[in-house]
Every structure is written in structure tokens, then in C-alpha cells.
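K.L.:
Return atomic coordinates for the entry below.
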Amino acid sequence: MACARPVLSAPISTVCGMTTQSSKGAAWAGVRTAIIAGDPAVVADMVPALDEAGRRDVARELPGHISVVRKAIAERDRRRTTIR
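P.N.:
As a prediction, the model looks like this:
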């Protein structure tokens, strides 16, 4: 599921269809969706808009996600090399 760059008039609290107000896991789900979509600008817009609980949620989950993303990128690169 790709996350579109928000329209300037759209409230940042609803970027990627996720609220930036924390409900258990909602902040991380929105940030994770933007990361997976490969849109660092959306991530950069979302994180400062999070409340304290949302920032803690993201901070708790992000380290584990980094290793998953690194493995996925390595696998993608391996496949690209194999295809050529």
C-alpha cells in the first residue's frame, strides 16, 4: 500500500490515512507505511506531528524495523544482480 505525498491543505494528522494522535500502535503503523512506501518526506512530516506517546511508539518499534528493511534491500539488490 503506497502512501501518497500529502496535499498541503490536508491535515498532517491524517497523512497516509493514519492519525498522528496515539492509539496503541497507530503512530508506528502510519510511519511504517510511509517508510515502506519509500517516502522520507512523509516520514519527516509525520514524526514531528506525533504526540509524546506516538513518538515513544515509533522509537520503540523503529530499531527492529531497520534490520528487516536492510534484509529486504539486500534481497532486492541480490535479485537485481541475478537478473542482469
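K.L.:
which helices and strands sit right next to the helix with the most length in the chain?
P.N.:
In the chain, taking DSSP state H as the definition, the longest helix is helix 52-83. Applying 3 or more C-beta pairs under 8 Å, 6 or more residues apart in numbering; DSSP states H and E, one finds that helix 52-83 contacts helix 26-36. (C-beta placed from N, C-alpha, C; glycine too.)
K.L.:
In the helix it packs on, which residues are buried?
P.N.:
Buried positions in helix 26-36, judged by neighbour count with 16 or more other C-beta atoms under 10 Å: 26-35.
K.L.:
follow-up on the earlier one: tell me how far the longest helix of the chain lies from the chain's centre.
P.N.:
10 Å (C-alpha atoms, centre = their mean, to the nearest Å).
K.L.:
Next, the angle from that helix to helix 26-36.
P.N.:
20 degrees (axes from the mean of the first three to the mean of the last three C-alpha atoms, to 10 degrees).
K.L.:
pLDDT on helix 52-83, on average?
P.N.:
Per-residue pLDDT over helix 52-83 has a mean of 90.
K.L.:
residues contacting residue 25?
P.N.:
residue 57 (C-beta atoms under 8 Å, 6 or more residues apart in numbering).
K.L.:
how about a cut-off of 10 Å?
P.N.:
Each residue near residue 25 by C-beta atoms under 10 Å, 6 or more residues apart in numbering is listed here: 32, 54, 57, 61.
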